[in-house]
Structure formats: C-alpha cells, structure tokens
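Engineer: One predicted model, sequence on top.
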Amino acid sequence: MSAGTDIRDRALHSIELFRKCAANSTLGRLNWIERGQADFNLWTYGLKAASTGKSSLDYRVRERPDLRNVICDLLDGLAESLQSCLEAATEGEGLDYLEFDIKTVLKQLSRIHVAIRRAGNKLRHQRADNELDETLRLEEYQEWKQDMEDLLTMGIYDQIRNRKYEVAQMPSNKPLSRTQNRLIHANLVRRNRIRYAKKTMEESQRQAARQREAAKKREEEAKRRLAERQASDSEKTAEIKEERSKKSAPSSKVTDTTRQKPAQSENQKTATDVPADFKVDPAASRKSGSIITRVTQTGRMQDYPRWPKKTVFPTNTPCPYCAEPLSADYIENEMRWRFVKIFHVS
C-alpha cells in the first residue's frame with residue numbers, strides 16, 4: 001500500500017500556521033500559543049510526521065487507514081483552530097474557546113504519540129519473544145539459567161548461615177519462589193531481546209556490506225567495460241588509419257619514384273619520343289586557310305597610301321581603297337582621310 005503524504009502535508013501546514021500566530025502582535029504575547037507551538041514541534045519531530053521515507057509517520061501507519069484518518073482529522077481541526085485564531089486576533093474575542101480546542105487536539109496527538117511508540121516497541125519485542133522458546137533450548141541459556149538459580153539458592157543459604165546452620169544440612173533441591181522464577185524469566189527474556197537486537201543489527205550490517213560490495217563490483221565492471229570500449233575504439237581508429245595509409249601509399253610511391261627517378265641514358269627512349277627515321281608525307285598535309293586568315297595576312301602586308309595634298313590630287317579624287325570619288329573635305333582635312341583609312345583597314 002502506498003504511504004502517501006497526507007499527514008506530512010497537514011503537519012507542515014500546521015507548523016506554518018503556528019509560526020504566523022507566534023509572529024502576530026496579539027497572539028505572540030499569549031503563553032499558550034508558545035507552549036502549543038513547542039508541543040506540536042516535539043510531536044512532529046518525535047514521530048517524524050513532517051518527514052518522508054520509511055521512517056516517516058505516513059509510512060508507519062500505511063497499513064492502518066483508520067489511525068491515519070484519525071490523525072488527519074486532528075490535524076485538520078488544529079489547522080482550522082489556528083486559522084480562526086489569526087482571524088480573531090484583530091477583534092480580540094473568542095480566543096478562550098479556541099485555546100481550549102487547540103489544547104485538546106494537542107493532548108490527543110500526544111496520546112497517539114505514546115501509543116505508537118509503545119506499539120513499535122511491542123512489535124519489536126514480539127518478534128524477539130517469538131524466538132524465546134527456541135532460544136531457551138540452547139545450551140548457553142540452560143547454563144545461564146542454572147547459574148541464576150544457584151545464585152538465588154546461595155543467597156538463601158547465606159541467610160540461613162547467619163542463623164548458625166550448616167550449609168550441608170540445607171536441602172539442595174529446594175524450589176524457588178514465584179517471584180524468583182519471574183525474576184529469572186525476566187532476565188532470560190531481556191537477554192533474548194538483546195541477542196535478537198544484536199542479530200538484527202549484524203544482519204543489517206552484513207546486508208549493507210553486501211550492497212557496498214555489489215556496488216563496488218558494479219563500479220569495477222563499469223570501469224572494465226569502459227576500458228574495453230576505449231581499447232576497442234583505439235583499435236578501430238588504428239585500423240582506419242592503417243587503411244587510409246594503405247590507400248594513400250601508391251600515390252606517394254609514384255611521387256617518390258618520380259622524384260628519385262635516375263637520369264635516362266641516351267639509348268633509353270620513352271613512349272612519346274620521335275624516332276630518328278620518322279618521315280612526314282607531304283601529300284598528307286594540306287594548306288587549308290580560311291578567308292579571314294588570307295584577308296588578315298593581306299591587310300598586314302599591305303602598305304596604305306598617305307594623305308594626299310590638294311596640289312597633287314584634283315577635286316573628286318578617287319578613294320585609294322574602293323575607287324569611289326571622295327569629296328574635297330577628305331583632301332583638305334587630314335583627319336577625314338585617316339577616318340577613311342581606318343574604316344577600310346578595319
């Protein structure tokens with residue numbers, strides 16, 4: 001069954017309400033508020049009502065829903081009374097009735113505290129007492145019981161000896177009284193409970209040691225796996241580097257061979273060398289030039305005439321390039337003549 005946090009939540013809420021009441025200017029001067037806060041804090045600390053885990057009060061009463069409901073109802077009533085105190089502090093009336101309610105709730109919580117503590121001790125002792133019959137059969141306990149009986153019998157003999165009787169005259173098998181038997185049984189029960197507590201502590205210590213050993217083994221196993229994984233990764237990295245070096249090895253060898261290639265002798269020939277007896281067939285080669293090539297070659301070799309003067313050429317002199325008649329301004333202006341030359345040449 002889940003423990004929950006019903007009691008814890010209500011206990012923390014009540015603690016906070018007590019703090020607000022103590023900080024209030026009116027309620028902070030009341031002694032019963034201070035005593036109630038102290039008693040509730042002791043109750044919470046003693047039963048660990050505001051804690052969590054297996055030691056908390058929620059966990060201890062997880063199998064007793066009736067007891068948990070009673071505790072929750074008492075805490076709800078306490079919180080309601082404290083909230084009413086905060087509201088009534090401004091008016092200053094009704095605090096006597098609220099004081100009675102708060103004290104009553106705290107007394108009931110204290111009784112529950114005592115009952116739970118006794119129940120816990122009784123439960124622990126009951127577990128030890130269940131093994132009492134088996135423990136009394138042990139030779140150690142038989143001897144210890146006999147020693148206690150002898151001590152009690154010797155005490156009776158000492159009293160008789162003080163009356164000037166001989167010890168040899170006293171009966172050795174005189175039965176013990178009821179009170180003496182109860183004393184012996186109480187000591188046996190107490191010794192058995194101590195033995196059970198020691199055995200429980202030793203078992204818990206051995207369990208803790210086993211847990212530490214298991215944790216240590218898990219840590220060592222994790223370290224070993226990590227080391228193996230790192231070693232495997234390093235091996236894979238080395239293999240990858242080796243494969244890359246193998247792939248890049250031929251090119252480097254060719255480069256080194258090319259760099260370290262000795263000088264060829266005169267008799268050695270490469271695949272691209274032309275033999276000495278190679279002949280070119282004149283018929284196989286044809287001169288095929290384009291028109292642009294011929295014009296370009298002709299234009300480069302042609303010597304164009306200079307600018308004619310007016311005294312040499314008459315008017316309407318034909319163009320030296322296209323034989324068309326030129327106007328007089330071409331003859332009179334040298335720049336116009338250059339323009340004609342540039343136009344025809346380009």
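Structural biologist: Happy to help now that I have it. Model, not experiment: these values are computed from the prediction.

Engineer: Around A186, how many other residues sit close by?
Structural biologist: If you count neighbours by other C-beta atoms under 10 Å, A186 ends up with 10. Every residue, glycine included, has its C-beta placed from N, CA and C.

Engineer: Just the element for it, please.
Structural biologist: A186 belongs to helix 178-259 when assigned by DSSP states H and E.

Engineer: From the contact counts, what lies against that helix?
Structural biologist: Applying 3 or more C-beta pairs under 8 Å, 6 or more residues apart in numbering; DSSP states H and E, one finds that helix 178-259 contacts helix 95-129, helix 132-136, helix 139-162.

Engineer: buried ones in the shortest one?
Structural biologist: Of the residues in helix 132-136, 132, 135 count as buried by neighbour count, 16 or more other C-beta atoms under 10 Å.

Engineer: Looking at the helices and strands packed on helix 178-259, which is nearest to T200?
Structural biologist: Closest of these to T200 is helix 95-129, at 8.6 Å (criterion: C-beta to C-beta).

Engineer: what packs against that closest one?
Structural biologist: Applying 3+ C-beta pairs under 8 Å, 6+ apart, we find helix 95-129 packed against helix 31-47, helix 57-60, helix 65-88, helix 178-259.

Engineer: tilt between the first one and helix 95-129?
Structural biologist: In other words, helix 31-47. Counting by axes from the mean of the first three to the mean of the last three C-alpha atoms, to 10 degrees, helix 31-47 lies at 20 degrees to helix 95-129.

Engineer: average model confidence for helix 31-47?
Structural biologist: For helix 31-47, mean pLDDT is 92.

Engineer: Mind giving me the packing neighbours of that helix?
Structural biologist: helix 6-23, helix 95-129.

Engineer: Show me where the chain dips below the pLDDT cut-off.
Structural biologist: For the chain, the stretches with pLDDT under 70 are 1-3, 92, 155-174, 249-317, 320-321, 323, 331, 337-346.

Engineer: thinking again about what came up before, nearest approach to A11 belongs to which of the helices and strands packed on helix 178-259?
Structural biologist: The nearest among the helices and strands packed on helix 178-259, by C-beta to C-beta, is helix 95-129 at 10.0 Å.

Engineer: now the angle between helix 6-23 and the closest one, please.
Structural biologist: Computed by the same axes, to 10 degrees, the angle separating helix 95-129 from helix 6-23 equals 140 degrees.

Engineer: picking up where we left off before, distance to W43 for the helices and strands packed on helix 178-259 - can I get that in a markdown table?
Structural biologist: As requested, those are exported to a markdown table (distance: least, C-beta to C-beta, whole Å):
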| stretch | distance to W43 |
| --- | --- |
| helix 95-129 | 5 |
| helix 132-136 | 34 |
| helix 139-162 | 40 |
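
Engineer: closest to E87 out of the ones you listed?
Structural biologist: Within the helices and strands packed on helix 178-259, the stretch nearest E87 is helix 95-129; the backing value is 9.8 Å (C-beta to C-beta).

Engineer: angle of the closest one against helix 65-88?
Structural biologist: Between helix 95-129 and helix 65-88, the angle comes out at 160 degrees (the same axes, to 10 degrees).

Engineer: residues contacting L109?
Structural biologist: Applying C-beta atoms under 8 Å, 6 or more residues apart in numbering to L109 gives the contacts 40, 43, 71, 74, 78.

Engineer: which non-adjacent residue is nearest the third one?
Structural biologist: It stands for I71. I7 (5.6 Å; C-beta to C-beta, 6 or more residues apart in numbering).

Engineer: In contact with that neighbour, which residues are there?
Structural biologist: Counting by C-beta under 8 Å, 6+ apart, I7 touches 49, 56-58, 61, 68, 71-72, 75.

Engineer: still on that earlier bit, from the contacts of L109, pick the one nearest L183.
Structural biologist: Nearest to L183 among the contacts of L109 is W43, at 36.8 Å by C-beta to C-beta.

Engineer: is it true that that closest one touches H113?
Structural biologist: Yes - with contact defined as C-beta atoms under 8 Å, W43 and H113 form a contacting pair (5.6 Å).
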